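A.B. asks: task: produce atomic coordinates for the following.
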Amino acid sequence: MKWSEVRQHFPERCVLVEALKSETRGKERVIEEMAVIDDFENGNAAWKAYKKLHLENKSLELYIFHTNNEEIKVIEQPYIGVRRRV
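C.D. replies: Residues are numbered from 1 along each chain as shown. This is a model prediction of the structure:
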């Protein structure tokens, strides 16, 4: 599905999606095709589902968006890690 189709099918909802076709352009991750895994009334419920799925399969490219947004934008940031005090 395209984002416009997701917005049409799930108005005013938080959606947990898997990116099926995406690419990086500069620092932005552009999602061209996505599959809706589930929809939720609020972000907290979506976040719980996200964490559960991510633990089961870390290779999935998962995102949570709200369908009130006309466009979606994902900015990639390099993972710096966590520093440990010695």
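
A.B. asks: any idea which helix or strand comes after the lengthiest helix in the chain?
C.D. replies: In the chain, assigned by DSSP state H, the helix with the most residues is helix 43-56. Sequence-wise, the next helix or strand downstream of helix 43-56 (DSSP states H and E) is strand 62-66.

A.B. asks: and the longest helix of the chain, how far from the chain's centre?
C.D. replies: On the basis of C-alpha atoms, centre = their mean, to the nearest Å, helix 43-56 is displaced by 11 Å from the centre of the chain it belongs to.

A.B. asks: same check, this time on stretch 18-26
C.D. replies: Relative to the centre of its chain, stretch 18-26 is centred 11 Å away, using C-alpha atoms, centre = their mean.

A.B. asks: returning to that earlier point: helices and strands around the longest helix of the chain, which ones?
C.D. replies: strand 14-25, strand 28-40, strand 62-66 (3 or more C-beta pairs under 8 Å, 6 or more residues apart in numbering; DSSP states H and E). C-beta: built from backbone N, CA, C; applies to glycine.

A.B. asks: of all those strands, which one is nearest K73?
C.D. replies: K73 lies closest, by C-beta to C-beta, to one member of the helices and strands packed on helix 43-56: strand 28-40, at 6.6 Å.

A.B. asks: now do the buried residues in the closest one.
C.D. replies: Residues 29, 31, 34, 36-37, 39-40 are the ones in strand 28-40 that count as buried (16 or more other C-beta atoms under 10 Å).

A.B. asks: my guess is V30 meets E23, correct?
C.D. replies: Yes. With contact defined as C-beta atoms under 8 Å, V30 reaches E23; the gap is 5.6 Å.

A.B. asks: next up, the contacts around K2.
C.D. replies: For K2, the contacting residues are 32-34, by C-beta atoms under 8 Å, 6 or more residues apart in numbering.

A.B. asks: one more pass at 7 Å, please.
C.D. replies: E33 (C-beta atoms under 7 Å, 6 or more residues apart in numbering).
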